[in-house]
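Fold the following, please.
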Amino acid sequence: MAVLPVVCVGAVAFALALLLPLLVRPLLSRAGVLDIPSARSSHQNPTIRGMGITTAVALPAALLAAVFLPLGEGAGGQARATLLVIVLVAVCAAAIGWIEDIRGLAIKVRAALQLGVGAAATGAVAVIDPGRQQLWWIPAGAIAVAAYINVTNFMDGIDGISGMHGLLVGAFYAYAGLLTGHPWLVYAGVAIALAYAGFLPWNLSRRKVFLGDVGSYLLGAAIAVTAMAAFLAQVPAEYIFSPVLIYLVDTFVTFLRRLLAGERWYAAHRQHVYQRLTIVGLSHLQATGVVSAATVVVSVLGIVAAQGASVVQVAATIACVLVILLYLRTPTLFQRHFRRKAAAAETV
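Residues are numbered from 1 along each chain as shown. Okay, the predicted model is just below:
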């Protein structure tokens, strides 16, 4: 496919995400849209949140631009319709997150809205391609979209982590689209990657801001519906699930650990791997680096597994499991390292 249209989509996403905060940040500051530290927080001072509203403009704008750009030979109405579904789902999820940021929503109401968005998205994707019309996909898709919206929200707890997740997942999805001949997936991946890359400088600057629920809901919904549409379009599962595997494992293991301990799973906490990394002494950037590195390695192994022979697939799968187990152990490993380092310093 042509490079220039892809560059245009990425430029729209990045430029809007990078420049819109210049206008929005003062408005959020005056409106008092602040993230107040809680038991789950890894920051200590009230910080402006809701900056994800700019990403919620940048990402749909870039995807809409892609709808009117060449999609390559053989790609037509279905591909454009798929992009429009991603746009609508992203906007709806961001709207739910924005209401949560500004006014708050009851858990049941929030869950119902998320499931509704997921069901509508799955139904729309199924209608686009008659070959995908299987009714059982609708409840499965609804749960998947709602679940990943919450996964990205749970994992959005330290500086840089969500921006890097969007950048990496989007980049790997774009590459998957290139490998499998799905131009719409290339556009969707590039838009997600560059929209969240544009947010990173604001999140990592000295006068940092947070995505808020509007940004994390947008991220989860955009990734989930893109993954679902790719899966239904016969894109190999390794390409789709590998980039999100670390997030899924971190959330599931934490949920299971809290459930077995008899704790309220929905209560605020700091038990995710990335949170424990900061507790044992890593900075936000270092913890984000650990999560991002694990995501890259697992994603590359997924590509290797999808393209290799049977022996290579088995080896890549085993390596992937080992990386995940190592990731889950990183807080303990770093804690031991820092203790040994402190003990060595005391003996000098």
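
rest of the way, CA atoms for contacts and neighbours
Will do.

As PDB, could you dump the C-alpha coordinates of stretch 188-196?
Taking C-alpha atoms only, stretch 188-196 is exported to PDB below (Å, rounded to 0.1, in the frame of the first residue of the first chain):
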ATOM      1  CA  ALA A 188      -6.100   2.000  12.600                       C
ATOM      2  CA  GLY A 189      -2.800   0.900  14.100                       C
ATOM      3  CA  VAL A 190      -0.900   4.000  13.000                       C
ATOM      4  CA  ALA A 191      -3.700   6.300  14.300                       C
ATOM      5  CA  ILE A 192      -3.700   4.700  17.700                       C
ATOM      6  CA  ALA A 193       0.100   4.700  17.900                       C
ATOM      7  CA  LEU A 194       0.600   8.300  16.900                       C
ATOM      8  CA  ALA A 195      -2.300   9.700  18.900                       C
ATOM      9  CA  TYR A 196      -0.900   8.300  22.100                       C
END
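
per-residue confidence averaged over that stretch?
Per-region confidence: stretch 188-196 scores 97 on mean pLDDT.

Now do it: distance to the chain's middle.
How far stretch 188-196 lies from its chain's middle: 11 Å, per C-alpha atoms, centre = their mean, to the nearest Å.

do the same with stretch 67-86
Per C-alpha atoms, centre = their mean, the displacement of stretch 67-86 from the mean C-alpha position of its chain is 23 Å.

Same question for that stretch: list its buried residues.
The neighbour-count criterion (16 or more other C-alpha atoms under 10 Å) identifies 67, 69-71, 79-86 as the buried residues of stretch 67-86.

worst-scoring helix or strand of this structure, pLDDT-wise?
Ranking every helix and strand in the chain by mean pLDDT, DSSP states H and E puts strand 34-35 at the bottom, with a mean of 66.

Quick check: which of the buried residues of stretch 67-86 has the minimum pLDDT.
Among the buried residues of stretch 67-86, Leu71 carries the lowest pLDDT, at 72.

just the helices in the stretch 101-250 of the chain please.
Per DSSP state H, counting those that start in this stretch, the stretch 101-250 of the chain carries helices over the ranges 107-128, 137-155, 161-180, 183-204, 212-232, 237-241, 245-260.

possible to save those as JSON lines with distance to Ile303 and mean neighbour count?
Formatted as JSON lines, the entries for the helices of the stretch 101-250 of the chain read as follows, by distance: least, C-alpha to C-alpha, whole Å; neighbours: other C-alpha atoms under 10 Å:
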{"stretch": "helix 107-128", "distance to Ile303": "25", "mean neighbour count": "19"}
{"stretch": "helix 137-155", "distance to Ile303": "22", "mean neighbour count": "22"}
{"stretch": "helix 161-180", "distance to Ile303": "8", "mean neighbour count": "23"}
{"stretch": "helix 183-204", "distance to Ile303": "16", "mean neighbour count": "27"}
{"stretch": "helix 212-232", "distance to Ile303": "15", "mean neighbour count": "27"}
{"stretch": "helix 237-241", "distance to Ile303": "6", "mean neighbour count": "21"}
{"stretch": "helix 245-260", "distance to Ile303": "13", "mean neighbour count": "17"}
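
between those helices, which gets nearest to Leu22?
With distances scored as C-alpha to C-alpha, the stretch of these nearest to Leu22 is helix 183-204 (9.8 Å).

Check the offset of that closest one from the chain's centre.
Its chain's C-alpha centre and that of helix 183-204 lie 10 Å apart, by C-alpha atoms, centre = their mean.

the inter-axis angle of it versus helix 212-232?
On the basis of axes from the mean of the first three to the mean of the last three C-alpha atoms, to 10 degrees, helix 183-204 is oriented at 160 degrees to helix 212-232.

Now do the residue nearest to Thr82 when sequence neighbours are not counted against Ala229, distance only.
Once its chain neighbours are removed from consideration, Thr82 has its nearest residue in Val125; the separation is 6.5 Å (C-alpha to C-alpha, 6 or more residues apart in numbering). From Val125 across to Ala229, the span is 6 Å (C-alpha to C-alpha, to the nearest Å).

okay, and the common contacts of the two?
Counting by C-alpha atoms under 8 Å, 6 or more residues apart in numbering, the residues touching both Val125 and Ala229 are Thr82.
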